[in-house]
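# Need a 3D model of the following:
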Amino acid sequence: MAMRYRLTSVETVLDSGSWLFTARDGRGEDVEVVLVPCEDADSTIEAWINRCTHEDQRLYREGVGVVVRDGGVVCPKHGSIFDSCSGDCENGPADGSTLASIEVTVDDGQVYLTDEDATYLHDSPSADDDADDSGDGPDSTSHLRF
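This next block holds a predicted model:
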């Protein structure tokens, strides 16, 4: 049986709409992973790398979480919508792409990291992303002219 690490409960993900953690991938890089609800009969929670496929844009943002509309994860920068169950995108600049997945398993109301190429590091964003807001969109005054 593959190693598994308990992340959180299904209830927590459903109540907040998403849940973020940081893992180390098979290449030794730290990656943010977002758990989102999936309404598919085979799965209730899916895990995706927290980056839009079109540009280096975080899907989960501190204080906001992930915006999910009609079963899709919305990119906050360009509006591309990724199916929360398959990760596929069929609109906007990311059309034809698929979010990178991380394997998780739901068992008895708990979500476990079961991806053999990922190691859990901690809840919430990676430490270096706190200082890097460049991918979160324009500054609040960047579009204003007086």
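# Could I get the full set of strands for this protein?
5-9, 19-24, 30-37, 45-49, 68-69, 72-74, 81-83, 104-107, 110-113, 119-123 (DSSP state E).
# For those, give me JSON lines that also has mean neighbour count.
To be clear about C-beta, it is placed using only N, CA and C from the backbone, and glycine gets the same treatment. Output for those, formatted as JSON lines (neighbours: other CB atoms under 10 Å):
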{"stretch": "strand 5-9", "mean neighbour count": "16"}
{"stretch": "strand 19-24", "mean neighbour count": "21"}
{"stretch": "strand 30-37", "mean neighbour count": "22"}
{"stretch": "strand 45-49", "mean neighbour count": "23"}
{"stretch": "strand 68-69", "mean neighbour count": "14"}
{"stretch": "strand 72-74", "mean neighbour count": "21"}
{"stretch": "strand 81-83", "mean neighbour count": "22"}
{"stretch": "strand 104-107", "mean neighbour count": "16"}
{"stretch": "strand 110-113", "mean neighbour count": "20"}
{"stretch": "strand 119-123", "mean neighbour count": "14"}
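# worst average pLDDT in those?
Of all the strands of the chain, strand 68-69 carries the lowest average pLDDT, namely a mean of 92.
# Tell me what the residue nearest in space to the middle of the chain is bridged to.
In the chain, the centroid-proximal residue (CA atoms, centre = their mean) is V34; its distance is 2.8 Å. On the basis of DSSP bridges, V34 is bridged to L20, W48.
# any idea how far it is from N50?
The spacing between V34 and N50, counted by CB to CB, to the nearest Å, is 5 Å.
# any shared contact partners between those two?
Residues touching both V34 and N50 (CB atoms under 8 Å, 6 or more residues apart in numbering): L20, L59, Y60.
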